[in-house]
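>>> Just to be clear, the model below is a prediction. Sequence and coordinates:
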Amino acid sequence: MAKSELDKYIRRNMKVPEDIQQRHTEVKSPVLGLISDQDFGNKNFSLSWWPISEPFEMISETHAHDFDQFLIFVGGDISNMTDLGGEVELTLGEKGGKLEKFVFTTATTVYIPAGMLHCPLNFKKVNDPDKPILFHDLFFSREYKRKG
């Protein structure tokens, strides 16, 4: 079959670059991701999907970014994705304010505006490694940079 002129709108094989996946060697399954760059949409966002099949602290340092971010947690049981299938702890706080720890056991989305302090991010419990917690990181930048 001849290549279509519309193929430029399709991105196949969405693997995250190896250097990004190696930041969290506890994640054994392939991580998927997309960066909208000049060759694909040019919309200044990045996203990734991480299948979390064992407990671990993913990010220990409290930090902020110069961009907005959404953290999305859903269950890996496709017949009941609202049941997280484990427990996640995330700390949030506004600059100059008190840090607060939140615990999730159901599908949850967290909006983190630019400048908001967040983390540690700790996957405390995974009920069934065959039905991992699916962690989605969506941020409005092509490059992930932390600031203190």
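Perfect, thanks for sending it. Numbering: from 1, shown residues only.

>>> any low-confidence regions in the chain?
By pLDDT under 70, the low-scoring segments of the chain are 1, 17, 19, 21, 148.

>>> Spell out the residue ranges of the strands in it.
Counting by DSSP state E, the chain has strands at residues 32-35, 46-52, 56-59, 69-75, 83-93, 100-106, 108-112, 117-126, 133-139.

>>> Let me have those strands in JSON lines, extended by mean neighbour count and distance to residue 147.
The C-beta positions use only the backbone N, C-alpha and C, and glycine is treated the same way. Formatted as JSON lines, those follow (neighbours: other C-beta atoms under 10 Å; distance: least, C-beta to C-beta, whole Å):
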{"stretch": "strand 32-35", "mean neighbour count": "18", "distance to residue 147": "20"}
{"stretch": "strand 46-52", "mean neighbour count": "20", "distance to residue 147": "17"}
{"stretch": "strand 56-59", "mean neighbour count": "16", "distance to residue 147": "14"}
{"stretch": "strand 69-75", "mean neighbour count": "20", "distance to residue 147": "13"}
{"stretch": "strand 83-93", "mean neighbour count": "20", "distance to residue 147": "14"}
{"stretch": "strand 100-106", "mean neighbour count": "13", "distance to residue 147": "20"}
{"stretch": "strand 108-112", "mean neighbour count": "15", "distance to residue 147": "13"}
{"stretch": "strand 117-126", "mean neighbour count": "19", "distance to residue 147": "10"}
{"stretch": "strand 133-139", "mean neighbour count": "20", "distance to residue 147": "13"}
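
>>> now those strands as a markdown table including distance to residue 25?
Shown next, in a markdown table, are the strands of the chain (distance: least, C-beta to C-beta, whole Å):
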| stretch | distance to residue 25 |
| --- | --- |
| strand 32-35 | 16 |
| strand 46-52 | 12 |
| strand 56-59 | 9 |
| strand 69-75 | 20 |
| strand 83-93 | 19 |
| strand 100-106 | 24 |
| strand 108-112 | 24 |
| strand 117-126 | 14 |
| strand 133-139 | 15 |
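
>>> quick one: which of those strands is nearest residue 6?
Residue 6 lies closest, by C-beta to C-beta, to one member of these: strand 32-35, at 17.9 Å.
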